[in-house]
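# kindly return the folded structure for what I paste below:
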Amino acid sequence: MYIINHLAPIVESIGAVTTGLTYEFDEFVWQDGTPLNFTVWATGHPSMNDSSAIVELGSDKYLRTVTLTNVTRRNAFCKMEAEPMLKCSETIISPTCETGWLQRNT
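From the prediction side, this is the model:
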C-alpha cells in the first residue's frame, strides 16, 4: 500500500503506469521475483483472458490487468527502495522500563 500511496501524485499527473507485476504460471509476480504481498484490484480485475498480461496502476490507485496485445505506449516506474515507517532512535532514551512493563533479557 505504501507504493500505491507514494506514487499516487505521480500517477495523477501522468496517467496509468506499468508496475512490473506480471502474470506467470497462474500467479502474479514482480519482475525481480519478489512475491506479491498485497493487492488493490479495480472492480472486475484481475481479468485473465490471456496468459500474457501486465499490471498497471491507474490514477484511481487501483491495479488493473492489461493484455500485452492492448498495450501501446505506457509510462513505467522502476524498483524503488522502501523507506522506514518509523525513524529509528540513535540512542536509548531510558535504560529502564516504565511501571507495568518488563525488561527483555534480564
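# report the secondary structure state of Asn5.
Under the three-state scheme (DSSP: H, G, I helix; E, B strand; the rest coil), the conformation of Asn5 reads as helix.
# now Ser47: which helix or strand?
Under the criterion of DSSP states H and E, Ser47 resides outside all helices and strands.
# reduced to three states, what does the closest residue to it other than its chain neighbours come out as?
Nearest non-adjacent residue to Ser47, counting by C-beta to C-beta, 6 or more residues apart in numbering: Thr65, 5.3 Å away. Quick note: C-beta positions are derived from backbone N, CA and C, even for glycine. Going by three-state DSSP, the secondary structure assigned to Thr65 is strand.
# likewise for Glu56?
In three-state terms, and counting by three-state DSSP, Glu56 is strand.
# tell me how far it lies from Ile10.
Distance of Glu56 to Ile10, computed by C-beta to C-beta, to the nearest Å: 13 Å.
# now Val17: phi and psi?
Dihedral pair for Val17: phi -130, psi 150, per degrees, to the nearest 10.
# one step back: okay, Glu56 and Ile10: which has more neighbours?
Set side by side, Glu56 and Ile10 show more neighbours around Glu56, with 22 against 14, by other C-beta atoms under 10 Å.
# give the contact list for that one.
If you count contacts by C-beta atoms under 8 Å, 6 or more residues apart in numbering, Glu56 has them with Ala16, Val17, Thr18, Thr19, Leu63, Arg64, Val66, Arg74.
# distance of the closest residue to it other than its chain neighbours from Val40?
With C-beta to C-beta, 6+ apart as the criterion, Glu56 has its nearest non-adjacent residue at 4.6 Å, and that residue is Ala16. When C-beta to C-beta is applied, the distance between Ala16 and Val40 equals 14 Å.
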